[in-house]
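Engineer: Sharing a sequence plus its predicted fold:
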Amino acid sequence: MSAENQTGMIRISDDVVATIAGLAALETPGVAAMSGGISEGLAKRLSGKNVQKGVSVEVGQLEAAIDLRVIVNYGSKIQEVCRSLQENVKEAVENMTGLNVVEVNVKVEGVAFREEEAEETTVRIK
């Protein structure tokens, strides 16, 4: 996005929009993680600095389109999680950038089971 005003031009990078969308996605209940994509092999769980993984954006002068690849928690109603995800991402990007988000496409690439999460967070001391 770029806009010109009396004091100069304002440009918002695609990476900034992708970061905002990724953070909003991770805050959505039912979303376990972002997915790096099936084409990269097994879906990778990412968070923190890598929130742009699993997010693709197309940003124009006034509009943006966003594609998300996510892993949802087992037991969650996928349809409801995805609708909530679309709303949260759209609202976050529009509020922070002023862009009109024309679409938020969601691809569910995996399901996270609670046992996997417990194993990853357990610290073993020898």
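Structural biologist: Structure's in. What do you need? Numbers count the residues shown, from 1 in each chain.
Engineer: the longest strand in this structure is where?
Structural biologist: The strand that spans the most residues within the chain, counting by DSSP state E, is strand 100-112.
Engineer: buried ones in that one?
Structural biologist: Buried positions in strand 100-112, judged by neighbour count with 16 or more other Cβ atoms under 10 Å: 101, 104, 106, 108, 109, 110, 112. Backbone N, C-alpha and C define where each C-beta goes, glycine included.
Engineer: residues contacting the residue most central in space within the chain?
Structural biologist: Closest to where the C-alpha atoms of the chain average out (Cα atoms, centre = their mean) is residue 22, at 2.9 Å. Residue 22 makes contact with 34, 51, 52, 53, 54, 55, according to Cβ atoms under 8 Å, 6 or more residues apart in numbering.
Engineer: Residue 66 too?
Structural biologist: Counting by Cβ under 8 Å, 6+ apart, residue 66 makes contact with 17, 21, 55, 56, 57, 89, 90, 93, 101, 103, 104, 105.
Engineer: residue ranges of the helices in the chain, please?
Structural biologist: Per DSSP state H, the chain carries helices over the ranges 14-26, 78-97, 114-121.
Engineer: which two in the contacts of residue 66 are spaced the farthest apart?
Structural biologist: Pairwise distances across the contacts of residue 66 (Cβ to Cβ) peak at 15.2 Å, for the pair 56 and 90.
Engineer: Same drill for the two, tell me which one is more crowded.
Structural biologist: The residue with more neighbours, out of residue 56 and residue 90, is residue 90; 19 against 15, by other Cβ atoms under 10 Å.
Engineer: Spatially nearest residue to the more buried one, not counting backbone neighbours?
Structural biologist: Spatial nearest neighbour of residue 90, chain neighbours left out: residue 101 (4.5 Å); criterion: Cβ to Cβ, 6 or more residues apart in numbering.
Engineer: how far away is the one you found from residue 66?
Structural biologist: Look at residue 101 and residue 66: by Cβ to Cβ, to the nearest Å, they are 6 Å apart.
Engineer: what do the two both touch?
Structural biologist: With Cβ under 8 Å, 6+ apart, residue 101 and residue 66 have common neighbours 89, 90, 93.
Engineer: Kindly reformat those residues as TSV containing pLDDT.
Structural biologist: As requested, the shared contacts of residue 101 and residue 66 are arranged in TSV below (pLDDT from 0 to 100):
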residue	pLDDT
89	97
90	97
93	97
